[in-house]
Each structure stands twice: as structure tokens, then as C-alpha cells.
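Undergrad: Sharing a model that was predicted from the sequence below.
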Amino acid sequence: MSRLASGVSVVAVRHGNQDLAMTATSLVSVSLDPPTVLFCVHSDARLREAVEPGARWAASILGGDALAAADWLATPGRPAFGQLATIAHRRGEVSGAAILDGASAWLECETEWIRTAASHDVVVGRVLAAARVPGAGGAILHFHGRMTTIP
Ligand SMILES: Cc1cc2nc3c(=O)[nH]c(=O)nc-3n(C[C@H](O)[C@H](O)[C@H](O)COP(=O)(O)O)c2cc1C
């Protein structure tokens, strides 16, 4: 699977007064009508409990300038509180979740259902809002164990 080049996103959720976020390559499109996506989350990930069915969350599809954010939000042991303090973001209107300024596009979703698959849980979400970010270019790809930017 390391030979499968994957786009890098950040999934985020507002949980109480806390922003939880993590880097993910597992975000994929499931259906256009109705618009539906899924991502896979490790059962030990800190945001797992916050994305139960009915919860709303955001996915930032990262542009080429967001490599540092992607690295940080994949770093185990980073503080849970304030993990977005150094990452420019705004709050999504529909989900209240963080949308990174470094996104080239974003989605706000509501979890429809979750199914456990080995160490991970598959989270299927209905897309409630989505947009491209005008002027934001490039992407981050994960390939052969490394993240690289493409223009
Ligand atoms: C390129 C890349 C892609 C990742 N994709 C996923 C993913 O799809 N699902 C997942 O659970 N963890 C994924 N991870 C690992 C999480 O980002 C990492 O474990 C993160 O620290 C989890 O958040 P937490 O420490 O708050 O639990 C990925 C890491 C990297 C570097």
C-alpha cells in the first residue's frame, strides 16, 4: 500500500471546548448523490470518540503549503489542547470544526454510521457543505512512506 500515492487531508472535530485534529490519507469519496465520504480512524485516535453517528466534523484537503501542519497533526503525543494554536484555521459554519487555511478544498460532514475493521473504524459521513478555496494550489501526496508536495 505504500506504493499507492494518496492525497493528504486533516480531519477535525470540535469536542466540548477542544479542537481534535489528525492527518489522514484515508479520506475518500463514496458517492456524489447524495454526497458521501468516508475515512478510517484508528480506534485509539483521540478524535475517534468525537465522531460518533450524528457528530459533525470537517475535512481539509491540504494544499501544497500545508506540509508542516500535516506533519504536526500526525505527531503522536502532541498536546491535545492547543494542537491548532500554531496552525492558521477558521471554524466551519456547519460543524464548528477547524478548517485549515492551508486547505485547497474542504468538506463539512455528519457521521452516518461507523463500522469497525480490524484496528480501525470506518466512518461514513454525509457531506453537508463543501467548497474549493479560490487561489489555493497544489496538494500533498503520501507515497512510499513520505509526504511530498506537488504544485
Ligand atoms: C500521511 C499520514 C496519513 C495518516 N492517515 C491516517 C488515517 O487515515 N487514519 C488514522 O487513524 N491515522 C492516520 N495517520 C496517523 C495519525 O495522523 C496520527 O496517529 C495522529 O497522531 C492521530 O491523532 P492523535 O495522536 O490525536 O490520536 C496518518 C499519518 C500520516 C503521517
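TA: Structure's in. What do you need?
Undergrad: residue contacts, Trp57?
TA: Trp57 is in contact with 11-13, 47, 50-51, 95, 97, 108-111, 125, counting by C-beta atoms under 8 Å, 6 or more residues apart in numbering. Where C-beta positions appear, they are placed from N, C-alpha and C, glycine not excepted.
Undergrad: Let me know the closest of the residues you listed to the ligand.
TA: Leu47 (6.2 Å; C-beta to the nearest ligand atom).
Undergrad: Could I get the contacting residues of that closest one?
TA: 11-13, 15, 20-22, 41, 57.
Undergrad: Kindly recompute the last result at 7 Å.
TA: Applying C-beta atoms under 7 Å, 6 or more residues apart in numbering to Leu47 gives the contacts 11, 13, 20, 22, 41.
Undergrad: quick one: the third one and Ala50 touch, right?
TA: So the one you mean is Leu20. Yes. Applying C-beta atoms under 7 Å as the test, Leu20 and Ala50 come out as touching, 5.6 Å apart.
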